[in-house]
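Colleague: Starting from these lines, generate the structure:
(chains A and B)
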Amino acid sequence: MTDTMTTADFNQAGFEAFLASRREPEWMLAERRQAWSQFSDMQWPGRRDEEWMRTDIRLFKLRQYHLAFDPLDALPSEIIPLLDSHITLGGHVHTVDGNCVSSAIAEQWTQQGVVFGSLDDLTEEHADRFQTTLLKGSYDRQVDRFAALHSSFWSGGQFLYVPRGVHITEPLHVLSALTDGAADLGHTLVVLEDGASATLLAETASEQEDSGGLHCGAVELIVGDGASLRYVNLQNWGSNVWHFAQQNAVLGREANLQWTSAAIGSRLAKVNQHVTLAGEGANSQVNGVLFTQGRQHLSYHTLQHHQAAHCSSDFLYKSALQDKSQTVWRGMIRVDEGAQRTDGYQRNDNLLLSNEARADSIPGLEIEADDVRCTHGSTSGMVDEELIYYAMCRGFTRKEATRLIVTGFFQQIFDRITIDSVRDALGLAIARRVRDYE
Amino acid sequence: MTHKLTIENLHVSVDDKPILRGVNLVLHEGETHALMGPNGSGKSTLGMAIMGHPKYEVNSGTIKLDDQDVLALSPDERARAGLFMAFQRPVAIPGVKMADFLRHSTTNVRNPNRQEGEDLIPMKEFRKELTDNMNKLEMDVQFARRYVNDGFSGGEMKRAEILQLAMLQPTFAILDETDSGLDADAVRLASESIAEIGRAKMGLLIITHHDKLLIHNPPEFTHVMLGGRIVETGGIELAEELHASGYERIRAAYPDAEAQNEAMSSSEVIS
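Modeller: Take a look at the predicted model:
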């Protein structure tokens, strides 16, 4: 870190200053330079691009944001995590604006070789491990300018490494907090070696409900043969935050992944969530909960990529929309030629709480194997007035009735979540947001 | 004070089609009234109007609970004021467990001034009361964990409505064909349960085609509806007559109402 620079703009000078602040091996810097050169050659995606045609980012101006080098030394008091209450944690990492302010891991796990902490802090020590994994899985560095930006400037974030056969029995918690107007280019890297297991609860938060900022992040989950990961992410950015992310998982042979993704924050989100079933007999379950309000726009592009035979992927996204908010879900089950006996399921249900809200739902299948079972479906509809009336006849106010119906709508997903604190936190966060409707 | 539900000259339409054409009815606490009439005569409409269904538009007339103007209240305020209807076709609320629904519902109805977010009635005492009532209705305890009316058989739905009646203890209850779709044993159980729940205190308005419910809950008053009006009121003997002989005499005696009834039921509005 230089004495004079406290922030870096996302331009050439800022990039040089950023590189100078890093203590990283040469290969990592070289990869950043390559990505920055690609960034400089690219345009922002526009409405002619398939994934962006429903998502308008013309008001996004990168020059309004910069990366902070001088971290706060503690979480701002306004930021209250939701997922870590009433639960015994095995460790935590808290970052603010991409910089780690606090981390811990129980000694019993470090003794077994578990590594958990800020990705930045661990870069030097684990450079070799990173060289084969970081941004190497199914992360696509060139898919668009946001990917190039992240590959150039990624900083902060978290690293979890669980050695072969180690079972971390307590959930680990990570919180990525953003101060108003700041930027976070955090990267989450999770590596479970063969036969390992862990539960990671990740959440984002802003100082205020209406805070702004930029998050251009990535999640990489690498689940080894026979390993088992439960991953929860709650996106709870302030209502003026731009959120761009690639979130990918790669599963080895007979690996298990349960991924629960909840999104209630941000002004605009464009997220690609890819699960690659790379080893035979792998099994994934993806649960999505989206609750939007105001003029929020959340766009999720999901892929269940069956590369190997005998894998199953179960996918359920549910969205409830208030006000003039919009969601886009574009889902794909891709089955490669060799992936026989695939069992793929994909479903998206949308509940519109306002007739000005809009949910686009675009399921898709691309199947090249001939012995597979793949099913998909989607529904969208307004809240049934007869349900509201029935509940009101039993003494529920209109707002309570709406909240009841929305909670019931999500219950199918809550029933799948095996961690009480997560279920309670999501249920509360959603219920709090339900408004009165006429 | 004896509570009183007064309906005067009530005119109700659905989608601009008039259904009720001047209904007059007075119920006192503790009384049992039977409301009978052929299909399409407006019996369920009266129930919906009393509870305040938004699609049932009251064009004129009044409904009063004691001195309170019921028509000025939203459905939840009516429930909290002591009105209840057991639905003929209750809707399913997926993802909402019966027990959670009823705990919230019972809390609101027992504490009419409760504000949103205030505590619900204690779980322990609620659970005991719910279990007691379910036992009386010969319902499996698992029932409380099922989603409200979701995948219920016709009989289960009706039983669930009676369970709600038992928990909410309203001042006045409208039972809209609570005995239909049940087998003989279930009708007997339902009838006995209602008699026990409603004994002495509650005012009951029983809409029924059958006589079993009325045997266990003998009405002091029987009203016959035709063409959106109550055309005759009598005692239990009127109910007995209608069960034995049908509506031929009524239809013949009130040709105007009969013509309107025919027009209404042929246009397939609400029964």
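
Colleague: Please make it C-alpha for all contacts and neighbour counts, starting now.
Modeller: Noted.

Colleague: Quick check: the residue of chain A nearest chain B.
Modeller: A:Gly408 (3.7 Å; CA to the nearest CA).

Colleague: isn't that residue right up against B:Asp100?
Modeller: No: the criterion here is CA atoms under 8 Å, and A:Gly408 misses it with B:Asp100 at 10.8 Å.

Colleague: With neighbour numbers in mind, choose between the two.
Modeller: Applying other CA atoms under 10 Å in any protein chain shown to A:Gly408 and B:Asp100 shows that A:Gly408 carries more neighbours, namely 20 against 16.

Colleague: if we can go back for a sec, in contact with the residue of chain A closest to chain B: list those residues for me.
Modeller: A:Gly408 is in contact with B:Ile93, B:Pro94, B:Gly95, B:Val96, counting by CA atoms under 8 Å, 6 or more residues apart in numbering or on different chains.

Colleague: Shouldn't the third one be within a helix?
Modeller: I take that to be B:Gly95. No: counting by DSSP: H, G, I helix; E, B strand; the rest coil, B:Gly95 is not part of a helix but strand.

Colleague: In terms of helices and strands, where is the nearest residue to it once chain neighbours are set aside?
Modeller: Spatially, and ignoring its direct neighbours in sequence, B:Gly95 is nearest to A:Gly408 (3.7 Å; CA to CA, 6 or more residues apart in numbering or on different chains). Element membership of A:Gly408, judged by DSSP states H and E, is helix A:398-414.

Colleague: How about A:Leu19?
Modeller: helix A:12-21.

Colleague: tell me what that helix is packed against?
Modeller: Applying 3 or more CA pairs under 8 Å, 6 or more residues apart in numbering or on different chains; DSSP states H and E, we find helix A:12-21 packed against strand A:7-9.

Colleague: For the strand it packs on, list every residue counted as buried.
Modeller: A:Thr7, A:Ala8, A:Asp9 (16 or more other CA atoms under 10 Å in any protein chain shown).

Colleague: Tell me the residues of chain A that contact chain B?
Modeller: A:386-387, A:389-398, A:400, A:404-405, A:407-412 (CA under 8 Å from any CA of the partner chain).

Colleague: Output the below-cut-off pLDDT ranges for the stretch 101-250 of chain B.
Modeller: B:199-200 (pLDDT under 70).

Colleague: Helices of that one, start to end?
Modeller: With DSSP state H, counting those that start in this stretch as the criterion, the stretch 101-250 of chain B has helices at B:123-136, B:154-168, B:184-198, B:212-216, B:236-245, B:248-253.

Colleague: Sketch out the low-pLDDT regions of chain A for me.
Modeller: A:1-5, A:436-438.

Colleague: which residues sit in contact with A:His310?
Modeller: A:Glu280, A:Gly281, A:Ala282, A:Ala339, A:Gln340, A:Arg341, A:Thr342, A:Asp343.

Colleague: Mark which of those are part of strands, please.
Modeller: When these are checked against strands (DSSP state E), the matches are A:Thr342, A:Asp343.

Colleague: Make TSV from the contacts of A:His310 and add distance to B:Met157 to it.
Modeller: Below are the contacts of A:His310 laid out as TSV (distance: CA to CA, whole Å):
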residue	distance to B:Met157
A:Glu280	46
A:Gly281	43
A:Ala282	42
A:Ala339	46
A:Gln340	45
A:Arg341	42
A:Thr342	40
A:Asp343	36
